[in-house]
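> Give the three-dimensional model of this entry:
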Amino acid sequence: MKLIGGFVPFRALAVARKEFMHVMRDPFTIAMAVGVPVILVIVFGFAIDFDFRGIRMAVYDHDDSRLSRQLSEGFSSSGYFTVIDGRSPGAPVTEIEDGTAAAALVINPGFEKKIARGESAPVQVIVDGSDNQKTGVVGGYISGIQKAMTVKLAGAPAYEPIAMRSRFVYNPELNTQWFIVPGLIVIVTGLLSILLTALTVAREWENGSMEMLLSTPVTPLEIIAGKILPYVGLGLLGITFVYVIARMVFSVPFKGSYVVFFAACLLFTTTSLAQGLLISVVTRQQQKAMQASMMSGLLPSMLLSGFIFPIESMPVFFQYLTMILPPRWFMIIIRTLFLKGTPVEGLAVPFFALTLMTVILITVAVRKFKRDVEP
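Coordinates of the predicted model:
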């Protein structure tokens with residue numbers, strides 16, 4: 001039975017059966033597809049944390065009063081800061097320079113007396129600004145502690161002209177792991193899917209078995225479909241294990257539809273495998289295929305997919321550049337399904353983008369195969 005373009009499903013299934021038997025004889029491939037994602041998600045899920053705790057703060061209490069000590073204790077009891085006594089009189093920045101502390105709190109003389117008279121009592125906080133991301137988080141901690149200690153030491157104001165109350169939805173505790181772990185699913189499975197087909201098929205080019213296959217009546221499209229099918233199953237199996245880890249180990253909620261989740265994983269895995277297959281067709285060598293896979297699959301996914309850095313904060317050029325990266329769209333789908341539970345109608349654009357990329361990658365790979373039938 002032939003379909004459009006002379007595609008014969010039985011021939012594609014025969015190629016898939018051959019590839020499946022090859023995978024079953026290769027424990028390394030199975031371990032890379034199933035075991036490595038689980039290990040990486042566990043390791044990086046615990047290692048990546050945007051919450052900073054135990055920040056060393058040198059305190060210079062020049063007032064040495066009851067209220068000044070309470071202010072110092074307010075930073076210590078918050079859990080974010082570890083308070084140490086300042087040892088560089090007149091030069092608190094010295095301890096920040098030599099790495100002894102990341103921040104310094106300077107309480108001037110007369111602190112308690114000014115508060116008792118209802119006056120403003122300035123306090124200086126010096127923060128190490130060499131790490132921009134950490135500095136922003138620490139600044140937020142200091143602002144929160146300042147508000148709490150102002151009420152505790154000076155009493156609540158008579159009235160608030162503007163009373164703002166914040167409420168965080170979808171991730172009320174701002175749990176870093178709820179944000180990071182779904183993103184890791186995208187990064188890890190995408191990279192490994194690219195490597196699976198890129199290295200495996202490139203090895204066939206080096207061994208000469210690919211040329212033998214291309215000399216048969218099997219069409220390039222049938223070869224591509226047969227090559228991808230077994231790895232789609234492996235990729236979905238790996239994602240299943242990672243999903244269980246996310247739910248059981250990191251307690252990440254899942255609020256979306258499992259049907260939509262499965263469809264998105266199937267589409268993204270196919271896209272990544274097609275990208276790896278295209279790399280193998282172009283390079284034909286395992287070493288080059290690995291280098292190309294790492295360059296196209298790791299760095300763009302980590303830096304330009306929204307995994308860590310918000311796309312909205314990037315320059316306009318890079319915002320448009322991210323549109324050609326499959327992880328950018330799958331990142332939107334996966335985080336939305338885990339934390340928000342948005343119905344499929346709200347994910348139409350990411351699904352369309354992934355579908356379009358899959359068609360383009362497979363079409364280009366087929367054309368390259370056609371040109372390579374008679375080298």
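
> drop to CA atoms for contacts and neighbour counts, all remaining ones
OK.

> so where's the stretch 1-150 of the chain shaky on pLDDT?
Across the stretch 1-150 of the chain, the ranges flagged by pLDDT under 70 are 1-6, 88-90.

> all helices of it, in order?
9-24, 27-30, 36-47, 66-77, 93-97, 111-116, 132-154 (DSSP state H, counting those that start in this stretch).

> the strands in this protein, which residues?
In order along the chain, the chain carries the following strands (DSSP state E): 55-61, 81-85, 103-107, 123-127.

> Reformat the ones you listed as TSV; add mean neighbour count and distance to residue 71.
Formatted as TSV, the entries for those read as follows, by neighbours: other CA atoms under 10 Å; distance: least, CA to CA, whole Å:
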stretch	mean neighbour count	distance to residue 71
strand 55-61	22	10
strand 81-85	18	11
strand 103-107	23	9
strand 123-127	15	10
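
> I'd like those as CSV, with distance to residue 15 appended.
What follows is these, written out as CSV (distance: least, CA to CA, whole Å):
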stretch, distance to residue 15
strand 55-61, 58
strand 81-85, 60
strand 103-107, 63
strand 123-127, 62
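
> quick one, which of these is nearest to residue 169?
For those, the distance to residue 169 is smallest for strand 81-85, at 26.8 Å, taking CA to CA.

> Could you list every helix and strand that that closest one packs against?
The helices and strands touching strand 81-85, judged by 3 or more CA pairs under 8 Å, 6 or more residues apart in numbering; DSSP states H and E, are strand 55-61, helix 66-77.

> go with 10 Å
Contact partners of strand 81-85 among helices and strands, from 3 or more CA pairs under 10 Å, 6 or more residues apart in numbering; DSSP states H and E: strand 55-61, helix 66-77, strand 103-107, helix 132-154.

> could these go into CSV alongside distance to residue 177?
Below are the helices and strands packed on strand 81-85 laid out as CSV (distance: least, CA to CA, whole Å):
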stretch, distance to residue 177
strand 55-61, 20
helix 66-77, 24
strand 103-107, 26
helix 132-154, 16
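
> what's the closest of those to residue 339?
When the helices and strands packed on strand 81-85 are compared by CA to CA, helix 132-154 sits nearest residue 339, at 22.6 Å.

> Now do the contacts for residue 42.
Neighbouring residues of residue 42 by CA atoms under 10 Å, 6 or more residues apart in numbering: 36, 181, 184, 242, 245-246, 249-250.

> The same query, at a cut-off of 6 Å, please.
For residue 42, no residue meets the contact criterion (CA atoms under 6 Å, 6 or more residues apart in numbering).

> From residue 146, how far out is it?
Noted for residue 42: a distance of 36 Å to residue 146, by CA to CA, to the nearest Å.

> what comes up buried for stretch 278-298?
Taking 16 or more other CA atoms under 10 Å as the basis for neighbour counts, the residues of stretch 278-298 that come out buried are 278-286, 288-290, 292-294, 296-298.

> Measure how buried residue 316 is and give me the count.
Per other CA atoms under 10 Å, the neighbour tally for residue 316 reads 10.
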